[in-house]
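Engineer: model the following, please.
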Amino acid sequence: MPSGPDGPQAVSRYHRRVTDFYDIDRANARLPEVRRVLEQLRAERLDLIALRDRLVAARGRAEAPGDGRTLVDEALGEAAGGAPGSAAFDSPRVLDARIRAVIDQMEAAVVRLDAWSVQLRDIEGGLADFPALVNGRQVWLCWQLGEDEIHFWHDLTSGFGGRRPLIELS
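Structural biologist: The predicted structure is shown next:
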């Protein structure tokens, strides 16, 4: 039992934010939608990393003496069809705006998962948990991109490392 400042305390049997619980069939039926959202998040994460790297490089160029570019030059370059990777297209201002747009899309995807009571655990690994009740005890049905359906579960405190086969769920 965990210990607090006033001595031992009981571990909560429920995740307080969860108000909707899945059975295995309902969770598996939700997987196509969850899969699309997780694939989108994974792709957007990679886009965000690439944009961040380009922003770091663009800021380095902007701080270099003799750059001479102005916001007007950047805008004209974009209007003239500045291609991704070109100096005009990679202005810090433009990259900041593109990063914000990707972050907004990612936040919307997370809100969608949250509305389904699906807990996003890892974008890169495509890991999500579905809350379930088994004999009055809350557990997480655990799923990862690449798996065809839900085969694993874990308790509230163990996470991915504590995944166990569904057959052991009782």
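Engineer: go ahead and confirm Leu127 touches Gln144.
Structural biologist: Yes. Leu127 is in contact with Gln144 according to Cβ atoms under 8 Å; the separation is 4.9 Å. Quick note: C-beta positions are derived from backbone N, CA and C, even for glycine.
Engineer: helices of the chain, start to end?
Structural biologist: 24-63, 71-79, 92-115 (DSSP state H).
Engineer: between those helices, which one is nearest to Ser170?
Structural biologist: Proximity to Ser170 (Cβ to Cβ) singles out helix 24-63 among the helices of the chain, at 13.3 Å.
Engineer: contacts only, for the residue nearest the centre of the chain.
Structural biologist: Among the residues of the chain, the one closest to the centroid is Ile123, at 4.1 Å (Cα atoms, centre = their mean). Ile123 makes contact with 38, 41-42, 45 under the criterion Cβ atoms under 8 Å, 6 or more residues apart in numbering.
Engineer: dump those to CSV, plus distance to Asp148, neighbour count and pLDDT.
Structural biologist: As requested, the contacts of Ile123 are exported to CSV (distance: Cβ to Cβ, whole Å; neighbours: other Cβ atoms under 10 Å; pLDDT from 0 to 100):
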residue, distance to Asp148, neighbour count, pLDDT
Leu38, 14, 24, 98
Leu41, 20, 23, 98
Arg42, 18, 16, 97
Arg45, 23, 14, 97
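Engineer: now render those residues as CSV, adding distance to Phe152.
Structural biologist: Shown next, in CSV, are the contacts of Ile123 (distance: Cβ to Cβ, whole Å):
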residue, distance to Phe152
Leu38, 16
Leu41, 20
Arg42, 20
Arg45, 23
